[in-house]
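S.K.: heads up, no residue letters with this:
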């Protein structure tokens, strides 16, 4: 008997019918001889609705109380799903993140998992139960406060439990049939990827692919937990994410030169204008950003003007952190010594990802040629061994993604991608 961890997103359990459909799939896995642990998100858009409600009551809700509110969404889902499973004649117990032993740090709204102690889950499984766990939440190690894990938190919960329970696989169920070569909402001819390495998936996730979040893949790679991304609306094979290629039938799935094209329109760009070009200035800027607990993405420094000895430094960050970053930099303006700040939230990022590009000359040239032919202007460039990313105007992103996807022969012969519902989470 194996142990399988399954995670269902909000679109999969958006209503009573969805919950009953998911319950049947879970029971089928149990009938196949597996111990089953299920991680569930809040129903549909419940989390967004709760955030809206909180902001109507308070424009800046306290982090601790916001976490207390938001975790209610997953508790509703877990209880209803346990009821649906019991109605099918199987034993099930639901657990909050705290009860499941998900221990986190004390950072509200974006806590990180420190440890998982799934004693109660193991006991429930030993007693023949299907264990249903509320995703996206845990309990802080020091104060024992309820915490939430931020965007993609349910995926991270699922992988963390799979690692702690030594599961054979972590199945992530969503509203698309797997990981595609591009967002099927933008590229209708995107192809489903049968297998992708942890490294390529990490780059795609960090570059804006919404099927799996970066922290989830990072956790899976660390503990070598295979992930199977599937649709809860169909019975099709999905995408395997693992350290080694899987075998399907008698054939081994090979890694493609290019895995896919990702895009992200959730970032903004800040330019620090008139920075003295001397040692320590960049460190002061990014220490200020780090102290404000803000993650940055791409960084570019211009060549300094010979006449003034000043330079400009640009970086990208989540739009949601833009105001906080501007305030932090302005507060430390005299210490850094810059002239002014520019903020731009009408940008988009396009990334080409593939481990094969480091051994195939011409990939970079073809990438920029495709963007040029599409009339797309480039503002920032960032590269790694297996990724090329550019920043352009937000309005140019859809056309740029489609142009690059076609240029690298990633289009399918038909409109293969199906989006069954929801927003892809």
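M.R.: Sure thing, it's come through. Remember, predicted model here, so these are calculated numbers, not experimental data.
S.K.: mind checking how far residue 9 is from residue 370?
M.R.: 32 Å (C-beta to C-beta, to the nearest Å). The way it works is simple: take the backbone N, C-alpha and C, and place the C-beta from them, glycine included.
S.K.: In terms of packing, which of the two has more residues around it?
M.R.: residue 9 (26 against 21; other C-beta atoms under 10 Å).
S.K.: what's the spacing between that one and residue 165?
M.R.: Plainly put, residue 9 is 21 Å away from residue 165 if you go by C-beta to C-beta.
S.K.: buried sites along the longest helix along the chain?
M.R.: Scanning the chain for the helix with the most residues, using DSSP state H, yields helix 63-87. Judged by neighbour count using 16 or more other C-beta atoms under 10 Å, the buried positions of helix 63-87 are 63-64, 66-71, 73-75, 77-78, 80-82, 84-85.
S.K.: and that helix, what does it pack onto?
M.R.: helix 16-31, strand 35-40, helix 46-57, strand 92-95, strand 130-134, strand 137-140, strand 146-148 (3 or more C-beta pairs under 8 Å, 6 or more residues apart in numbering; DSSP states H and E).
S.K.: Tabulate these (a markdown table), appending distance to residue 263.
M.R.: What follows is the helices and strands packed on helix 63-87, written out as a markdown table (distance: least, C-beta to C-beta, whole Å):
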| stretch | distance to residue 263 |
| --- | --- |
| helix 16-31 | 28 |
| strand 35-40 | 27 |
| helix 46-57 | 22 |
| strand 92-95 | 37 |
| strand 130-134 | 31 |
| strand 137-140 | 29 |
| strand 146-148 | 26 |
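S.K.: would CSV of the ones you listed with distance to residue 288, mean neighbour count and mean pLDDT be doable?
M.R.: CSV is the format used below for the helices and strands packed on helix 63-87 (distance: least, C-beta to C-beta, whole Å; neighbours: other C-beta atoms under 10 Å; pLDDT from 0 to 100):
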stretch, distance to residue 288, mean neighbour count, mean pLDDT
helix 16-31, 45, 17, 96
strand 35-40, 37, 30, 97
helix 46-57, 27, 14, 94
strand 92-95, 41, 23, 98
strand 130-134, 36, 29, 98
strand 137-140, 26, 25, 97
strand 146-148, 26, 27, 97
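S.K.: Tell me which of those lies nearest to residue 359.
M.R.: Of all those, strand 35-40 sits nearest to residue 359, with 37.9 Å by C-beta to C-beta.
S.K.: Relative to that closest one, what are the paired strands and their orientations?
M.R.: Using DSSP bridges, strand 35-40 pairs in its sheet with strand 3-8 (parallel), strand 130-134 (parallel).
S.K.: contacting residues around the longest one?
M.R.: Same thing as strand 3-8. With contact meaning C-beta atoms under 8 Å, 6 or more residues apart in numbering, strand 3-8 is reached by 22, 25-26, 29, 34-41, 81, 125, 135, 154-155, 157-159, 161-162, 165-173, 232.
S.K.: what mean pLDDT does it have?
M.R.: The average of the pLDDT scores along strand 3-8 is 97.
S.K.: Name the spans of the protein whose pLDDT lies under the cut-off.
M.R.: Counting by pLDDT under 70, the ranges of the chain that qualify are 1, 246-256, 415-425.
S.K.: ranges for the helices of this structure?
M.R.: Assigned by DSSP H, the helices in the chain fall at 16-31, 46-57, 63-87, 119-126, 153-164, 198-206, 214-223, 281-291, 322-331, 333-336, 363-373, 397-407.
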